[in-house]
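Trainee: This is a predicted model, with the sequence first.
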Amino acid sequence: MIMQPKKPNGPTRLLIIDDEENIRRTTAVALEAIGYETASVENRTAALKQLESGQFDLAFLDLKLNGESGLDLLPELLKIDPSLDVVVFTAYASIETAVEAMRRGAVDYLPKPFTPDQIRQVVGRIVENRLLRERVAELESRLASDAPTTDLSTSEPAMQKVLDLAFKAAATPATLLLLGESGTGKTVLARAIHANSPQKENAFVTVSCPSLSRELLESELFGHAKGAFTGAVADKLGKVARAEGGTLFLDEIGELPPEVQPKLLRLLQEKEYERVGETKTRRASVRVIAATNRNLEKAVQENRFREDLYYRLNVVAIPLPPLRERVGDLIRIAENYLHFFSRQCGKPIKGFSREASQALRQYPWPGNLRELRNVIERAVILAASDELDLPDLPEKLSQTSKPAAEGVQVGATVSLDQLESEHIARVVRRTATMEEAAAVLGIDPATLYRKRKKMSLP
């Protein structure tokens with residue numbers, strides 16, 4: 001039984017270099033039948049021209065090209081594109097030529113005559129290897145970013161509800177829209193959704209919508225043809241093609257230029273797109289996750305965002321709560337950052353002093369998780385002992401930890417609701433977890449959560 005090759009991260013393009021027309025034609029038919037794009041040439045000059053003008057993933061190279069040597073051409077192909085996988089085939093099979101072809105950079109060797117099934121098996125192995133290399137490269141990139149490990153556990157009912165919804169939606173092909181303030185962890189959650197989805201074996205590709213001009217963003221998304229604009233010296237695959245079979249994450253979708261919005265709508269509705277400077281319609285099989293810190297409904301009302309695109313993106317909306325509404329998780333997340341940066345800096349810091357913990361809980365964290373990470377990294381660098389203390393934190397956090405000059409006092413002319421609200425707020429600030437606060441108050445955590453929400457407490 002012949003295993004069908006998995007589709008790689010992007011449409012695989014194959015260059016067939018052989019002086020026999022019948023070999024070129026039958027090889028192309030066998031590969032195009034399972035969805036690959038092919039181009040065929042018969043000599044060295046045509047092969048080099050094709051490779052210089054377009055991007056290919058794999059080349060089949062005959063060792064005898066009307067008197068020219070395929071072995072001599074092999075290093076020339078790899079010089080133009082070092083990432084090209086080359087399979088050598090020939091009617092003059094021998095151990096010596098196989099060894100020499102591998103020495104010069106070939107990845108596989110196929111003697112003539114061969115069957116369509118043999119060709120498909122070879123391509124399947126190479127596609128699997130390319131996919132594995134891309135996944136390793138992605139993992140290495142994430143490790144190189146020196147990011148702390150992601151901890152998605154939570155003791156907050158509101159955040160648990162978000163995670164339950166996210167992972168339930170992960171198993172479906174639905175388009176997701178992550179909503180939340182800057183720094184709340186939308187990218188982290190998008191990666192977690194991908195890792196728990198049927199697309200997890202394929203690529204997770206990110207596009208930052210505000211980072212490029214309209215022209216460059218369109219090229220980044222969909223790719224471009226050679227000569228499409230000044231500087232387009234070769235064909236380029238876009239992020240949509242690279243995410244084929246995987247997940248395309250559109251960060252800050254609210255910043256998407258109006259000119260690009262209808263093209264994204266077409267991708268979502270019809271799974272079709274065109275490269276810049278090209279009229280050929282291409283198909284795409286990608287799962288889209290978008291994220292924004294903007295109010296898209298307001299943007300639609302102000303005619304800054306297409307209404308039909310908004311509804312296409314908003315199939316499943318997942319709102320992430322800000323850090324100030326995750327008091328029960330805050331110290332645990334801070335300790336995770338602390339342990340990471342203490343290892344990175346070579347400092348054996350054990351934890352936070354009581355005063356530092358109180359300051360972390362009382363501060364409103366307008367920059368959310370991103371700000372918390374930066375604060376902990378700075379504190380670890382400045383720390384002079386094995387415990388982070390109040391002086392190690394920025395002054396703005398130290399100020400929030402000072403007792404308030406005013407507040408609701410027992411016996412004052414205030415209602416019981418005001419007194420209860422003040423008491424709950426103070427207990428929450430002074431305890432490490434919501435469970436501990438609930439125990440001090442003599443109520444269960446669910447009741448505490450409802451009271452905090454009703455009283456609009458942080």
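Mentor: Thanks, I have it. Numbers count the residues shown, from 1 in each chain.
Trainee: quick one: contacts for residue 153?
Mentor: Shown in contact with residue 153 (C-beta atoms under 8 Å, 6 or more residues apart in numbering): residue 332. C-beta: built from backbone N, CA, C; applies to glycine.
Trainee: quick one, strands of the stretch 201-350 of the chain?
Mentor: Taking DSSP state E, counting those that start in this stretch, the strands of the stretch 201-350 of the chain run over residues 204-208, 223-224, 236-237, 247-251, 272-273, 282-283, 287-292, 316-319.
Trainee: just for the stretch 101-250 of the chain, where's the confidence low?
Mentor: Applying pLDDT under 70 to the stretch 101-250 of the chain flags residues 137-149, 233.
Trainee: swap in the stretch 301-450 of the chain?
Mentor: Within the stretch 301-450 of the chain, the segments meeting pLDDT under 70 span 400-414, 430, 432.
Trainee: Kindly recompute the last result at 50.
Mentor: Scanning the stretch 301-450 of the chain for pLDDT under 50 picks out 403-406.
Trainee: Break down it into its helices, ranges please.
Mentor: Taking DSSP state H, counting those that start in this stretch to define them, one finds helices in the stretch 301-450 of the chain at 307-313, 327-345, 354-362, 368-382, 395-400, 416-430, 434-441, 445-455.
Trainee: Mind putting the strands of the stretch 201-350 of the chain into a markdown table with mean neighbour count and distance to residue 132?
Mentor: Putting these into a markdown table (neighbours: other C-beta atoms under 10 Å; distance: least, C-beta to C-beta, whole Å) gives the following:
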| stretch | mean neighbour count | distance to residue 132 |
| --- | --- | --- |
| strand 204-208 | 19 | 15 |
| strand 223-224 | 24 | 23 |
| strand 236-237 | 18 | 19 |
| strand 247-251 | 24 | 18 |
| strand 272-273 | 16 | 27 |
| strand 282-283 | 14 | 24 |
| strand 287-292 | 26 | 20 |
| strand 316-319 | 16 | 31 |
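Trainee: Can you check which of those strands gets nearest to residue 109?
Mentor: Nearest to residue 109 among the strands of the stretch 201-350 of the chain is strand 236-237 (27.7 Å), distances taken as C-beta to C-beta.
Trainee: from the middle of its chain, how far away would the longest helix anywhere in the chain be?
Mentor: Looking across the chain with DSSP state H, the single longest helix is helix 116-144. The chain centre lies 18 Å from the centre of helix 116-144; the measure is C-alpha atoms, centre = their mean, to the nearest Å.
Trainee: For stretch 109-126, buried residues please.
Mentor: Applying a neighbour-count criterion of 16 or more other C-beta atoms under 10 Å, one finds 109-110, 114, 119-126 buried in stretch 109-126.
Trainee: May I have it exported as CSV, CA atoms only?
Mentor: Listed next in CSV are the C-alpha coordinates belonging to stretch 109-126 (Å, rounded to 0.1, in the frame of the first residue of the first chain):
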residue,chain,number,x,y,z
TYR,A,109,18.5,8.6,-5.5
LEU,A,110,16.1,6.8,-7.9
PRO,A,111,17.2,4.5,-10.7
LYS,A,112,15.3,4.3,-14.0
PRO,A,113,12.9,2.9,-14.9
PHE,A,114,10.7,3.9,-12.0
THR,A,115,6.9,3.8,-11.4
PRO,A,116,4.6,6.6,-10.4
ASP,A,117,4.2,5.0,-7.0
GLN,A,118,8.0,5.1,-6.5
ILE,A,119,8.0,8.8,-7.4
ARG,A,120,5.2,9.5,-4.9
GLN,A,121,7.0,7.6,-2.2
VAL,A,122,10.2,9.6,-2.6
VAL,A,123,8.3,12.9,-2.6
GLY,A,124,6.3,11.8,0.5
ARG,A,125,9.5,11.1,2.5
ILE,A,126,11.0,14.4,1.5
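Trainee: Now do the contacts for residue 44.
Mentor: Per C-beta under 8 Å, 6+ apart, neighbours of residue 44: 65, 68, 73, 76.
Trainee: quick revisit: now render the strands of the stretch 201-350 of the chain as CSV, adding distance to residue 326.
Mentor: CSV is the format used below for the strands of the stretch 201-350 of the chain (distance: least, C-beta to C-beta, whole Å):
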stretch, distance to residue 326
strand 204-208, 24
strand 223-224, 40
strand 236-237, 39
strand 247-251, 21
strand 272-273, 38
strand 282-283, 41
strand 287-292, 18
strand 316-319, 13
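Trainee: if we can go back for a sec, closest to residue 20 out of the buried residues of stretch 109-126?
Mentor: Closest approach between these and residue 20, by C-beta to C-beta: residue 114, at 12.4 Å.
Trainee: Now name the helix or strand holding the closest one.
Mentor: For residue 114, there is no enclosing helix or strand under DSSP states H and E.
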